[in-house]
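**Student:** Sharing a model prediction with you, sequence too.
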Amino acid sequence: LRLTRFLKARRFDVVHTWIFAADAYGRIAARRAGVPVVVTSEMAVDLWKGRAELAVDRWLAPWTDRIVGNSDAVVDFYRRAGIPDARLAMIPSGIGPEEPPEVDPAAIRTELGLPPDAPLALFVGRLAEQKGVGDLLSALDLLQHVRPDLRT
């Protein structure tokens, strides 16, 4: 109710939500407040969502102008979950289509104080369960028994 009152008082033109709880509460409040445009972003194939969460997503879809996924896989997941195509859009995140800059791997290793030919494993991402960092660490532990020169 507080969020609905806030949205009504400020007379927002657009509400954009992200993350399940914000998606649910934000879209309901936006609808009740008469916000003209409502957009939500989905940034992962949310395998954690059960029947209840997916039912909420389907129930709120008609109140949402666009559900934007950041990849074809995310959009396909929500399409299979029953979200109508007319509500789905894809805006890729990350690197654009231009050529990536030239990188000299040996120079990078040297800059890090490593031998220029040292095997190197690197992870870049959120430390969230869905990223599988625990699996990566377990794999690296095993891999170091076969490649003791591996750097992490």
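**Tutor:** Structure's in. What do you need?
**Student:** Check which residues of stretch 5-13 are buried.
**Tutor:** For stretch 5-13, the neighbour count (16 or more other Cβ atoms under 10 Å) marks Leu7, Phe12 as buried. (Glycine included, C-beta is placed from N, CA and C.)
**Student:** ok, and what's touching that stretch?
**Tutor:** Val15, Ala29, Ala30, Arg32, Ala33, Gly34, Val35, Pro36, Val37 (Cβ atoms under 8 Å, 6 or more residues apart in numbering).
**Student:** quick one: contacts for the third one?
**Tutor:** Contacts for Ala30 were tallied using Cβ under 8 Å, 6+ apart; they are Leu7, Phe12, Val15, Val38, Trp63.
**Student:** before we move on, which element is it in?
**Tutor:** Per DSSP states H and E: Ala30 is located in helix 20-33.
**Student:** Can you pick out the most distant pair from the contacts of Ala30?
**Tutor:** Phe12 and Trp63 (14.8 Å; Cβ to Cβ).
**Student:** center of this protein, which residue is that?
**Tutor:** When Cα atoms, centre = their mean is applied to the chain, the residue found nearest the centroid is Met43 (2.4 Å).
**Student:** Ramachandran coordinates for the closest residue to it other than its chain neighbours?
**Tutor:** Nearest residue to Met43, sequence neighbours excluded (Cβ to Cβ, 6 or more residues apart in numbering): Asn70, at 5.1 Å. Main-chain dihedrals, Asn70, degrees, to the nearest 10: phi -100, psi 10.
**Student:** pretty sure Asn70 contacts Ala89?
**Tutor:** No: assessed by Cβ atoms under 8 Å, Asn70 is found out of contact with Ala89, at 10.4 Å.
**Student:** The nearest residue to Arg58 once chain neighbours are set aside in helix, strand or coil?
**Tutor:** Spatial nearest neighbour of Arg58, excluding adjacent residues (Cβ to Cβ, 6+ apart): Gly82 at 4.8 Å. On the three-state scheme (DSSP: H, G, I helix; E, B strand; the rest coil), Gly82 is labelled coil.
**Student:** got a list of what the residue nearest to Met43 touches?
**Tutor:** Residues near Asn70 by Cβ under 8 Å, 6+ apart: Ser41, Glu42, Met43, Met90, Ile91, Pro92, Ser93, Gly94.
**Student:** okay but the fourth one is in contact with Ser71, surely?
**Tutor:** Yes: Met90 is in contact with Ser71 according to Cβ under 8 Å; the separation is 6.9 Å.
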